[in-house]
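Trainee: mind folding the following:
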Amino acid sequence: MVKKPRKHPYHCQRKWACTDYPECPKWHQTALRLTSIALILLVVAVLGLTTWVSHLSTYSCSEMFGSENGTKECNCMNFSPRKQQDNTNFTTNPSLNLCLNDWVQKEEKCYNFFRTFKSWIDSQKACSITKSHLLIIQDKAELDFVQSNIQDGIYFWIGLNITYPQKAWTWLDGTSLNPQL
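Mentor: Reported below is the predicted structural model:
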């Protein structure tokens, strides 16, 4: 006895469509399309945010804030002194006040302790408007000076953040946090 090859059932010989099945309501197609569009928008948003965050972390503080001579900081604390009009060298006349009115001068840097509540990012932006940046503490003397100028219970943002994937604390200029501070 010879077996005849079986024919494929009807549904395998042609493409399926919702019209073949009465239980496939039209709103399923609409829901599928809307879900697909939402998924595409979500993927685009995640990619955009990822690019934006990686862009922020790759630029140094001077590139982000337009530093002219490399010493602009703030808390906005520490601001680069104003340019002197008579070309007097700062080291020859350290008593000369080069800071703006509401800024505190310490050596060749100017500090301002703003008392407005802002997020770290908004504080960063506010500092950049004044052509300064969040404080980068360089030594113990600077840390002591800053601590002596802030009131107990008042918190300030500084230019220290955590970098990924290393999960290491770094300053805005890219230098690592000194554990001795």
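Trainee: tell me where the chain has strands.
Mentor: For the chain, the strands defined by DSSP state E occupy 104-106, 109-111, 160-163, 168-171.
Trainee: tell me which of those sits most buried.
Mentor: The highest mean neighbour count among the strands of the chain, using mean count of other C-beta atoms under 10 Å, belongs to strand 109-111: a mean of 24. Where C-beta positions appear, they are placed from N, C-alpha and C, glycine not excepted.
Trainee: now it: mean pLDDT?
Mentor: Averaged over strand 109-111, pLDDT sits at 85.
Trainee: can you name every helix or strand that it contacts?
Mentor: strand 104-106, helix 140-149 (3 or more C-beta pairs under 8 Å, 6 or more residues apart in numbering; DSSP states H and E).
Trainee: on that earlier part again, could you export the strands of the chain as a markdown table, including distance to L177?
Mentor: Output for the strands of the chain, formatted as a markdown table (distance: least, C-beta to C-beta, whole Å):
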| stretch | distance to L177 |
| --- | --- |
| strand 104-106 | 21 |
| strand 109-111 | 19 |
| strand 160-163 | 6 |
| strand 168-171 | 4 |
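Trainee: V146: which of these is closest?
Mentor: Ranking the strands of the chain by proximity to V146 (C-beta to C-beta) places strand 109-111 first, at 7.2 Å.
Trainee: so where's the longest helix in this structure?
Mentor: helix 26-58 (DSSP state H).
Trainee: list the buried residues in that helix.
Mentor: The neighbour-count check on helix 26-58 (16 or more other C-beta atoms under 10 Å) flags nothing as buried.
Trainee: circling back to that earlier point, among the helices and strands packed on strand 109-111, which gets the worst mean confidence?
Mentor: strand 104-106 has the lowest average pLDDT among the helices and strands packed on strand 109-111, namely a mean of 83.
Trainee: check which helices and strands that strand is in contact with.
Mentor: Against strand 104-106 (3+ C-beta pairs under 8 Å, 6+ apart) you get strand 109-111, helix 140-149.
Trainee: give me the contacts around it.
Mentor: The contact list for strand 104-106 (C-beta atoms under 8 Å, 6 or more residues apart in numbering) reads P81, N97, L98, C99, C110, Y111, N112, F113, E142, F145, N149.
Trainee: what sits against the last one?
Mentor: Each residue near N149 by C-beta under 8 Å, 6+ apart is listed here: V104, Y111, F113.
Trainee: please tabulate the residues you listed in JSON lines, including the columns distance to L134.
Mentor: Shown next, in JSON lines, are the contacts of N149 (distance: C-beta to C-beta, whole Å):
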{"residue": "V104", "distance to L134": "16"}
{"residue": "Y111", "distance to L134": "11"}
{"residue": "F113", "distance to L134": "12"}
